[in-house]
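Visitor: Return a 3D structure for these sequence lines:
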Amino acid sequence: MSALEHFWNRFASGRHKLLLIAAGSATAWMMDNLVNNNGGLYNRTSRDIHIHPFTLAETEEYFQSRGVLMDRYDIVQSYMIVGGVPYYLSLFEKGKSLAQNIDTMFFNRGNKMEKEYTRLFQSMFADNDKYKKIVEYISKYRYGVLRGKICEDLGLSNGGAVGEILMSLEECDLITSFYNFGESKRKKYYKLTDPFCLFYLSFAQKHPTNNRSFWQDNQNLPKLSPWRGQAFEDVCFSHQEQIKRALGIQGVHCEIYPWRHIADGFTPGAQIDMLIDRADRVVNVCEMKFSQSEFTVDKDYDEKLRNKIVAITESTKRKRNPQMTLITTYGLRNGLYSGRFQKTVNMDDLFR
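Guide: Have a look, this model is predicted:
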C-alpha cells in the first residue's frame with residue numbers, strides 16, 4: 001500500500017489519462033485500504049461501483065441464456081436459496097429440476113457449496129471468525145436485533161470496532177439495518193438478509209445428511225415452512241421498487257421496513273412483514289405469503305389481520321390510513337374474507 005501511495009502521488013495523479021480500477025470480493029479490505037484510506041490515498045477515490053446481485057428478472061434472463069428451464073415459481077425458490085449472485089446461479093445445470101440442482105449443489109458428497117460458507121467469509125474479511133460469529137448470532141432473530149444486544153450477548157465492547165464490522169457486513173449485502181416504525185432513530189436493528197447464508201444456517205447446517213436426494217425427498221415437509229416464509233420476505237424486500245410499481249406508488253416518497261408492536265394493554269401485539277409508510281398519509285400493511293396456489297384467507301387469519309389494523313391505527317394515533325396488502329406467489333383466492341386485502345401483488349409483479 002505504501003508503494004502504491006507513493007507511485008500514485010508522485011507519478012500517476014498528474015496524468016489525467018491514467019485510471020486505476022480496483023475490483024474484488026475482499027470488500028472490507030478495499031473499504032479500509034482504498035475507499036476510507038487515511039494515508040497517502042486519502043480522498044483519491046473518484047467513484048464507487050457497488051455490484052448488486054441480479055434481480056428476479058435478470059435471474060430469469062440469465063437462466064434462459066444458459067438453457068436452464070424453470071418456471072417463475074422455481075426461479076423464486078432458487079433466489080430464496082442462493083439469491084441473485086451470478087456465480088451461484090452458474091452452478092445450476094440445464095436438464096435438471098430445481099430439486100435435483102439443489103441436491104447436486106448442497107447435499108451430494110463433495111458438492112460445490114460444501115465449503116462455500118467458510119470460503120465466503122475468508123475471502124471478504126481478515127478477522128473472519130468474528131464476522132461469522134456476529135452473522136450467526138443475528139441469524140437467530142428473524143425480525144432483527146439491536147446492536148446493544150448483540151454486544152451484550154456476545155461479550156463484545158459496544159464501540160467503534162463492532163460498528164465497523166456491522167457496516168462492513170452491510171456493505172457486503174450480508175445483513176440489512178432498519179428502524180422500527182414509530183421508534184427512535186437511535187434504535188437501529190440488524191437482520192440477516194443474504195439468501196445463501198440464511199439457507200445454510202437455517203437449514204443446510206442444521207440438517208446434515210448422507211441422502212443424496214435429500215431435497216427431492218423432503219421439499220414438501222412442514223419443517224421447511226419457517227425458512228420459506230423468511231426467505232420469501234427477504235426476496236420481497238430486495239424487490240421494493242417492483243412492489244411500489246405494482247401498487248402504482250413509484251412516484252410517492254416511501255419509507256419501507258418491517259414493524260413489530262408489543263401488546264400494551266390498549267392495543268394487541270402485532271408483527272407486520274413489510275410496512276410501506278407513504279408521504280400521502282397512507283400506509284400499506286403488507287403480508288407476504290409463499291404459497292403453492294392462490295392464497296386463501298380463513299376466519300382465524302382474518303381475525304389476525306383485523307388485530308394488525310387496530311395495532312397500526314392506534315400506534316399512529318389515527319394519522320395514517322392503513323391499506324391491507326398481500327404479496328404472494330399466485331395471487332388471492334376469492335372468498336368470504338378475501339375482501340380484507342385491498343391490494344394484491346403477485347409473483348409476476350416481482351419479475352417486472
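
Visitor: To what extent is the residue nearest to A246 when sequence neighbours are not counted buried, counted in neighbours?
Guide: Nearest residue to A246, sequence neighbours excluded (C-beta to C-beta, 6 or more residues apart in numbering): D349, at 3.8 Å. No exception for glycine: its C-beta is placed from N, CA and C like everyone else's. When neighbours are counted by other C-beta atoms under 10 Å, D349 registers 16.

Visitor: and what of I276?
Guide: Using other C-beta under 10 Å, I276 has 21 other residues around it.

Visitor: what does the helix or strand hosting it rub up against?
Guide: Take DSSP states H and E as the rule and I276 turns out to sit in strand 270-278. Outside strand 270-278, the residues that touch it by C-beta atoms under 8 Å, 6 or more residues apart in numbering are 143, 181, 233, 236-237, 243-244, 247, 249, 252-261, 283-288, 307-308, 311-312, 320, 325, 327.

Visitor: that older thread, need the contact list for the residue nearest to A246.
Guide: 242-243, 245-246.

Visitor: ok now do L247, which residues does it touch?
Guide: 276, 284, 325, 343, 345.

Visitor: could you dump the contacts of D349 to a markdown table with pLDDT?
Guide: Output for the contacts of D349, formatted as a markdown table (pLDDT from 0 to 100):
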| residue | pLDDT |
| --- | --- |
| Q242 | 97 |
| I243 | 97 |
| R245 | 96 |
| A246 | 97 |
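
Visitor: now that we have these, which one has the most neighbours?
Guide: I243 (25 neighbours).

Visitor: measure it to L154 for me?
Guide: 34 Å (C-beta to C-beta, to the nearest Å).

Visitor: ok, so of the contacts of L247, who is nearest N36?
Guide: Closest approach between the contacts of L247 and N36, by C-beta to C-beta: I276, at 33.1 Å.

Visitor: ok, what's across the strand from the closest one?
Guide: I256, N284 (DSSP bridges).

Visitor: Make sure M31 is actually in contact with S168.
Guide: Yes. Contact status for M31 versus S168: in contact at 6.6 Å, counting by C-beta atoms under 8 Å.

Visitor: any low-confidence regions in the stretch 201-350 of the chain?
Guide: 204, 206-209, 263-268, 318 (pLDDT under 70).

Visitor: all helices of it, in order?
Guide: Remark: helices assigned in the stretch 201-350 of the chain by DSSP state H, counting those that start in this stretch are 214-218, 225-237, 240-247, 299-315, 347-350.

Visitor: JSON lines please, covering the ones you listed and showing distance to R109.
Guide: Listed next are the helices of the stretch 201-350 of the chain as JSON lines, based on distance: least, C-beta to C-beta, whole Å:
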{"stretch": "helix 214-218", "distance to R109": "12"}
{"stretch": "helix 225-237", "distance to R109": "23"}
{"stretch": "helix 240-247", "distance to R109": "39"}
{"stretch": "helix 299-315", "distance to R109": "42"}
{"stretch": "helix 347-350", "distance to R109": "34"}
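
Visitor: V85 is nearest to which of these?
Guide: helix 225-237 (13.6 Å).

Visitor: relative to helix 240-247, how tilted is the closest one?
Guide: 80 degrees (axes from the mean of the first three to the mean of the last three C-alpha atoms, to 10 degrees).

Visitor: Quick one: list the elements packing against helix 225-237.
Guide: Secondary-structure packing of helix 225-237 (3 or more C-beta pairs under 8 Å, 6 or more residues apart in numbering; DSSP states H and E): helix 72-82, helix 195-199, strand 270-278, strand 282-289.

Visitor: so S177 makes contact with L169?
Guide: No. S177 lies out of contact with L169 (C-beta under 8 Å); the separation is 9.5 Å.

Visitor: Tell me how this structure divides into domains.
Guide: Following the assignment in automatic domain parsing, the chain carries domains at 1-51, 52-238, 240-350.

Visitor: now the strands for the stretch 101-250 of the chain?
Guide: Using DSSP state E, counting those that start in this stretch, the strands of the stretch 101-250 of the chain run over residues 145-146, 175-179, 188-192.

Visitor: Please identify the deepest-packed of those strands.
Guide: strand 188-192 (a mean of 21; mean count of other C-beta atoms under 10 Å).

Visitor: What are the contacting residues of that one?
Guide: 135, 138-139, 141-147, 150, 166, 170, 174-180, 198, 201, 258.

Visitor: what about 7 Å?
Guide: By C-beta atoms under 7 Å, 6 or more residues apart in numbering, the surrounding residues in contact with strand 188-192 are 135, 138-139, 144-147, 166, 175-180, 198.

Visitor: With stretch 103-114 instead?
Guide: With C-beta under 7 Å, 6+ apart as the criterion, stretch 103-114 contacts 91, 93, 96, 204, 209, 211-216.

Visitor: Return it as CSV; C-alpha atoms alone will do.
Guide: C-alpha atoms of stretch 103-114 as CSV (Å, rounded to 0.1, in the frame of the first residue of the first chain):
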residue,chain,number,x,y,z
ASP,A,103,-29.2,-31.8,-4.2
THR,A,104,-26.2,-31.6,-6.5
MET,A,105,-25.1,-28.2,-5.1
PHE,A,106,-25.7,-28.8,-1.4
PHE,A,107,-26.4,-32.5,-0.5
ASN,A,108,-24.2,-34.7,-2.8
ARG,A,109,-20.9,-35.7,-1.4
GLY,A,110,-18.1,-33.3,-2.4
ASN,A,111,-20.7,-30.8,-3.6
LYS,A,112,-19.6,-27.4,-4.8
MET,A,113,-21.2,-25.5,-2.0
GLU,A,114,-19.8,-27.6,0.8
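
Visitor: Fine by me, we can end here.
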